[in-house]
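K.L.:
please find the sequence and the predicted model below.
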Amino acid sequence: MKTSLITTSLILFLFLGTIFAQGHDHNSDKLTTEFTELIETYLVLKDALVESDAGAAHSAVSQMQEKLENIVEHRPEGDNHMKWMGTYKKIDSDLSEITGSADLDEIRTHFYSLSETLIESVKDFGIEGVVYHQHCPMAFNNEGGSWLSRENQVMNPYMPDTMLRCGRVIERIEP
């Protein structure tokens with residue numbers, strides 16, 4: 001009886017292992033890695049805005065556009081495909097708007113839209129590691145603005161010259 005139970009358990013374990021191995025999507029792993037790289041470059045953009053450096057912001061946006069194009073090859077399939085394609089178009093549009101902006105205030109306005117999209121995208125598609133969703137209620141004439149950061153400490157990209165530490169962590173997003 002004991003041998004039969006062990007044998008049955010072993011067969012079930014091997015069967016389930018085979019099913020899960022077949023169902024593992026390597027495309028999804030590449031998407032996660034490439035989406036993480038996109039977020040890392042977004043964080044460079046955020047830091048450029050904290051420093052009020054339009055040149056560095058434009059350089060980060062150019063890198064983001066390249067990374068976004070790489071993701072197209074490994075986009076999700078099935079139900080997430082349509083969600084990703086809508087997200088892709090929104091990110092691409094926001095990056096194009098920033099590219100066409102010379103003024104830091106205008107860049108920050110488009111960064112706000114980009115941040116809103118990426119906050120939801122990180123939740124939907126996941127990345128490697130932890131990011132913090134942060135928010136300053138006083139940005140944009142008290143309308144508020146959110147962004148992502150790898151650090152828990154707030155460094156406000158919308159009002160760095162007057163309110164660098166204005167904001168709080170809304171949530172910790174992790175895999």
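P.N.:
That came in fine, so what should we check first? Since we're looking at a predicted model, the values are computed, not measured.

K.L.:
flag the helix or strand of this protein with the lowest per-element mean pLDDT.
P.N.:
helix 2-23 (a mean of 39; mean pLDDT, DSSP states H and E).

K.L.:
may I see the buried residues of the top helix by length along the chain?
P.N.:
Across the chain, the longest stretch assigned as helix under DSSP state H is helix 26-50. By 16 or more other C-beta atoms under 10 Å, the buried positions in helix 26-50 come out as 31-32, 34-43, 45-50. Where C-beta positions appear, they are placed from N, C-alpha and C, glycine not excepted.

K.L.:
doesn't residue 113 lie inside a helix?
P.N.:
Yes: counting by DSSP: H, G, I helix; E, B strand; the rest coil, residue 113 falls inside a helix.

K.L.:
residues contacting the nearest residue to it once chain neighbours are set aside?
P.N.:
In space, and not counting its chain neighbours, residue 113 is closest to residue 94: 5.0 Å by C-beta to C-beta, 6 or more residues apart in numbering. Contact partners of residue 94, counting by C-beta atoms under 8 Å, 6 or more residues apart in numbering, are 110-111, 113-114, 117.

K.L.:
quick check: phi and psi at residue 94.
P.N.:
Main-chain dihedrals, residue 94, degrees, to the nearest 10: phi -60, psi -40.

K.L.:
ok, it to residue 106 distance?
P.N.:
Per C-beta to C-beta, to the nearest Å, residue 94 is found 12 Å from residue 106.

K.L.:
make sure residue 171 is indeed in a strand.
P.N.:
Yes: remark: residue 171 belongs to a strand, assigned using three-state DSSP.

K.L.:
backbone dihedrals for the nearest residue to it once chain neighbours are set aside, both of them.
P.N.:
Among residues not flanking residue 171 along the chain, residue 133 sits closest, at 4.7 Å (C-beta to C-beta, 6+ apart). Dihedral angles of residue 133 (phi, psi; degrees, to the nearest 10) stand at phi -90, psi 120.

K.L.:
can I assume residue 133 is in contact with residue 167?
P.N.:
No: with contacts counted by C-beta atoms under 8 Å, residue 133 stays clear of residue 167, the gap being 10.5 Å.

K.L.:
pick out whichever of those two has more residues nearby.
P.N.:
Set residue 133 next to residue 167 and count neighbours by other C-beta atoms under 10 Å: residue 167 wins out with 25 against 19.

K.L.:
can you pull out the low-pLDDT segments for the chain?
P.N.:
1-28, 73-75 (pLDDT under 70).
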